[in-house]
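Trainee: Test case, fold it:
(2 chains)
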Amino acid sequence: MAEDTVITDPVTAAEDRLKTLTKVMTTKAPIAQTPKELVWTLNKSKLYRYIPVLPKEKRHPIPVLLVFALMNRPYILDLRRGHSFVEYMLNKGYDLYLLDWGAPGPEDKNLRFDDYTLDYMPRAIRKLKAISGVKEFSLLGWCIGAILTTIYAALRGDEGLRNLILLTAPLDFSNKQDLTFARWTDERYFDVDKVLATFGNMPGEMIDYGAKALKPVENYVGNYVKLWDNIDDPRMVEAWHAMNTWVTDNVPLAGGVFRQLIVDLYRDDKLMRGELVIRGERVEISRIHANLLTVIAESDHITPSCQSEPIMSKVSSADKELFRVKGGHIGIMAGSGASKHTWPHIDGWLAPRSR
Amino acid sequence: MAEDPTHDSKRVDPMEPWRGMRDIYMDAWGKTMVDMVNSEAYAQATGAMLDTYMTVSAPFREAVEKAMLKTLEQLAMPSKADVVSIAERMTNIEMRLDDLDAKLDNIQRLIVHAGTAPRPQAGNAPQPSKEKTTKAKQAKKGKR
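Mentor: Predicted coordinates for the structure are as follows:
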C-alpha cells in the first residue's frame, strides 16, 4: 500500500508502467507450479503424476489423464497458482496425470497419429494403471489432444476407458466454409509435402502465426493494448504475463502428424467419415462406449462448434452430454471465467462417474 | 482512499473518450481483417509467398547442408543424420525397456496378489500341476 500512495507523480507512474511492461514482455512468468513427479518417459514424452492433496479415502478412485495438444505446452492446464485447472481438480480429490508430449526433434519427423495413439498413449496408460492400481481411468483431451483421445477411445476404448472428456475438439472437417485453416491449407495453395521436405517438422513459429492470424488485430495489437490499459492492475498483469509466457512457448508439430492433420482431416475429413486408418485399423467413432462430455467454446475461432458437435450422434455412449460455455478456444479453461463455469461443470460431471 | 491515485485517475481521465474511439476503431479494423484472412485471395497470397520462400531458399539451404556435412566429416564429427539415427535407435531401446517394465510391473502385481491371497489349508490344497502332468503323460503315452 505504501508504494501505491507514493505514485502520485505522472512521470514516476509512467516510468513504473514502462518497467512493468518491459518485465512482462522480456521475462517468463512462474508457471506450472503444482508439485508433480515424473513417472514414465518415452522419447520426448513424459507422464507426470500430480501429488495428491487429499488423503486416499477422500479421493476419487478413478484416475484422470490429461492430454493436451501436440504443438503447445500442456502447462496451460496448470498456468499459475490460484488459477490452475490442475490445482482445482486436485482439491476436488482427483488422482491427476499429465501426458506431456515434449518437443519433437528432427528424428521425430515421421511420427504420426498412429505412433501417438497406439504406442505412446497405451504405454503411458499402462503405467498409470500400474501406479494407481486400478483398471479403469478417465481421459481428458483438449484441441489436438482431443483428436488423439478420440482415436484412442475408438481403437482401445475397451481397455478400461470409463470417461472421456473432449474440450474444443476439432473432429469434423466437413464444413469447409467455416474453417479458415481448411481454406489456407487447400491443396491449390498449400503444398504440404514441400513444406515438410523443407522443414521436417512443422515449425512452432509457423503454427503460432497461423493461430494468431485468424484474428490478427486482436492478437497482434489488441492483446498489448489490453495490457497497457490494465498495467496498473497487478492481478491483470500477472494473468497477462502467465498467458503470454504460454503463448510464446511453442513447439513444432511432428511432420507425419502434420501431414495427416492436413491431408486426412482438413482436406478429406476421414475421421468422421469413418475412413481414417491407424496402423491398419479403421477408426470407427461408433466404437466409443465411454461416458462422454463434449465441451464447446461458443466464441472459438480455432475450433468452431461445427467441428465438435457431430461426434455426439456418432458415438455409442449411453451417457453423453454436450456442454456449451462462453469463451474462446483457450479462455474456457484458462480465462478468468474458467473457475466459475468450465471447471465446476467438468468436476460436477466427472465426480459421480469416478466412483 | 483519498490518496489512492487510481481512484483519482478514474475520476478525471482525459483519455477516456479517446479510448472509446480507439476501441470502436479497433473493432472495425479487427472485423475487416478477419474477413480478409478468411478470403480465398488471402489463402492464395500466403500460399504463394510460402512457396516462393521455399523455392528461393532451397539452393542456399542445400549448399549450407553440403558444406556443413563436409566440415563435420573433416572434423571427424557426427552429422545430423548420424545423430538422428542414434536418437531413433535410442527410442527403440526405450520401447524395449518399457516392455520389460510392463512385464516387471505384472510380475510384481502377481507377487503382491499371491502374498495377500488367503493360503489354502494343508489338507485341502489343490494339486493342479500334478494332475496336469499326469494327464499330459497319459496323453503322450496314448499318442505313442
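
Trainee: So what's the residue count around residue 104?
Mentor: Since you didn't name a chain, this refers to chain A. A:P104 is flanked by 25 other residues according to other Cβ atoms under 10 Å in any protein chain shown. In short, each C-beta sits where N, CA and C put it, glycine included.

Trainee: try again with chain B
Mentor: Using other Cβ under 10 Å, B:L104 has 11 other residues around it.

Trainee: who in chain A is up against chain B?
Mentor: Counting by Cβ under 8 Å from any Cβ of the partner chain, chain A comes close to chain B at A:4-5, A:7-8, A:13, A:40-43, A:105-107, A:119, A:123, A:126-127, A:130, A:180, A:183-184, A:186, A:188-191, A:194-195, A:198, A:213-218, A:221-222, A:225, A:229, A:232.

Trainee: ranges for the strands of chain A?
Mentor: Listed in chain order, the strands found in chain A under DSSP state E are A:36-42, A:45-50, A:64-67, A:96-100, A:137-142, A:161-167, A:277-278, A:281-282, A:291-297, A:320-325.

Trainee: Which one of those lies nearest to B:T91?
Mentor: Between B:T91 and these, the shortest gap by Cβ to Cβ is with strand A:36-42, which sits at 7.4 Å.

Trainee: what helices or strands is the closest one leaning on?
Mentor: When contacts are defined as 3 or more Cβ pairs under 8 Å, 6 or more residues apart in numbering or on different chains; DSSP states H and E, strand A:36-42 packs onto strand A:45-50, helix A:121-132, helix B:80-116.

Trainee: List the contacts of that strand.
Mentor: Counting contacts by Cβ atoms under 8 Å, 6 or more residues apart in numbering or on different chains, the residues outside strand A:36-42 that touch it are A:46-51, A:97-98, A:119-120, A:123-124, A:127-128, A:131, B:91, B:94-95, B:98.

Trainee: just the buried members of those residues?
Mentor: For the contacts of strand A:36-42, a burial check counting by 16 or more other Cβ atoms under 10 Å in any protein chain shown picks out A:46-50, A:97-98, A:119-120, A:123-124, A:127-128, A:131, B:91, B:94, B:98.

Trainee: Quick one: the helices and strands packed on strand A:36-42 as a markdown table, columns for distance to A:A318 and mean pLDDT too.
Mentor: As requested, those are arranged in a markdown table below (distance: least, Cβ to Cβ, whole Å; pLDDT from 0 to 100):
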| stretch | distance to A:A318 | mean pLDDT |
| --- | --- | --- |
| strand A:45-50 | 30 | 98 |
| helix A:121-132 | 23 | 96 |
| helix B:80-116 | 31 | 92 |
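
Trainee: With respect to A:V315, which of the ones you listed lies nearest?
Mentor: helix A:121-132 (18.5 Å).

Trainee: ok, residues contacting that closest one?
Mentor: For helix A:121-132, contacts defined as Cβ under 8 Å, 6+ apart pick out A:39-40, A:42, A:45, A:47, A:49, A:63, A:65, A:67, A:95, A:97, A:99, A:135, A:137, A:148, A:152, A:156, A:159-160, B:95, B:98, B:101-102, B:105, B:109.

Trainee: From B:M68, how far off is B:M77?
Mentor: Remark: distance between B:M77 and B:M68 (Cβ to Cβ, to the nearest Å) = 10 Å.

Trainee: do the same with A:L66
Mentor: The separation that A:L66 has from B:M68, given Cβ to Cβ, amounts to 40 Å.

Trainee: residues near the closest residue to chain B within the stretch 51-200 of chain A, how many?
Mentor: Ranked by Cβ to the nearest Cβ, the top residue of the stretch 51-200 of chain A for proximity to chain B is A:Y189, at 3.0 Å. The number of residues packed near A:Y189 is 18, by other Cβ under 10 Å.

Trainee: quick one, domains of chain B?
Mentor: Structural domains of chain B, as assigned by automatic domain parsing, span the residue ranges B:15-77, B:78-116.

Trainee: what does chain B have sitting close to chain A?
Mentor: B:3-6, B:19, B:22, B:26, B:29-30, B:33-34, B:37-38, B:40, B:42-44, B:46-48, B:50-51, B:54, B:57-58, B:61, B:80, B:83-85, B:87-88, B:91, B:94-95, B:98, B:101-102, B:105, B:109.

Trainee: Could I have the ChimeraX command that selects the buried members from these?
Mentor: One line in ChimeraX is enough to select the buried ones among the residues of chain B next to chain A; burial here means 16+ other Cβ under 10 Å:
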select /B:5,30,33,34,37,38,42,43,44,46,47,50,54,84,91,94,98,101
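
Trainee: Not counting residues beside it along the chain, what's closest to the closest residue to chain A within chain B?
Mentor: Each residue of chain B has a distance to chain A, by Cβ to the nearest Cβ, and the smallest belongs to B:G47, at 3.0 Å. On the basis of Cβ to Cβ, 6 or more residues apart in numbering or on different chains, the spatially nearest residue to B:G47 that is not a chain neighbour turns out to be A:Y189, at 3.0 Å.

Trainee: what's around B:E16, how many residues?
Mentor: Close neighbours of B:E16, defined as other Cβ under 10 Å, add up to 10.

Trainee: Give me the pLDDT for it.
Mentor: pLDDT, the model's per-residue confidence, is 82 for B:E16.

Trainee: Now for the nearest residue to A:M206 once chain neighbours are set aside: which residues touch it?
Mentor: Leaving aside its sequence neighbours, A:M206 sits nearest to A:F199 (Cβ to Cβ, 6+ apart; 7.8 Å). Neighbouring residues of A:F199 by Cβ under 8 Å, 6+ apart: A:206, A:252, A:255.

Trainee: now the last one: how far from chain B?
Mentor: Distance from A:G255 to chain B, counting by Cβ to the nearest Cβ, to the nearest Å: 13 Å.

Trainee: quick one: contacts for that residue?
Mentor: If you count contacts by Cβ under 8 Å, 6+ apart, A:G255 has them with A:109-111, A:196, A:199-202.

Trainee: of all the residues you listed, which comes closest to A:V24?
Mentor: Minimum separation from A:V24 among the contacts of A:G255 (Cβ to Cβ) is found for A:M202, which lies at 28.3 Å.

Trainee: Confirm for me that A:L77 is in contact with A:E87.
Mentor: No. Contact between A:L77 and A:E87 fails when scored by Cβ atoms under 8 Å: they sit 9.7 Å apart.

Trainee: Tell me which of the two has more neighbours.
Mentor: Set side by side, A:L77 and A:E87 show unequal neighbour counts under other Cβ under 10 Å, the larger going to A:L77 at 25 against 22.

Trainee: can you list contacts of stretch A:305-314?
Mentor: Here stretch A:305-314 has contacts from A:146, A:150, A:166, A:168-175, A:178-179, A:272, A:285-286, A:292, A:294, A:296-298, A:320, A:322, A:324, using Cβ under 8 Å, 6+ apart.

Trainee: Select only the buried ones of those residues in PyMOL?
Mentor: In PyMOL syntax, the buried subset of those is picked out as below (16+ other Cβ under 10 Å):
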select buried, chain A and resi 146+150+166+168+169+170+171+172+173+179+272+285+292+294+296+297+320
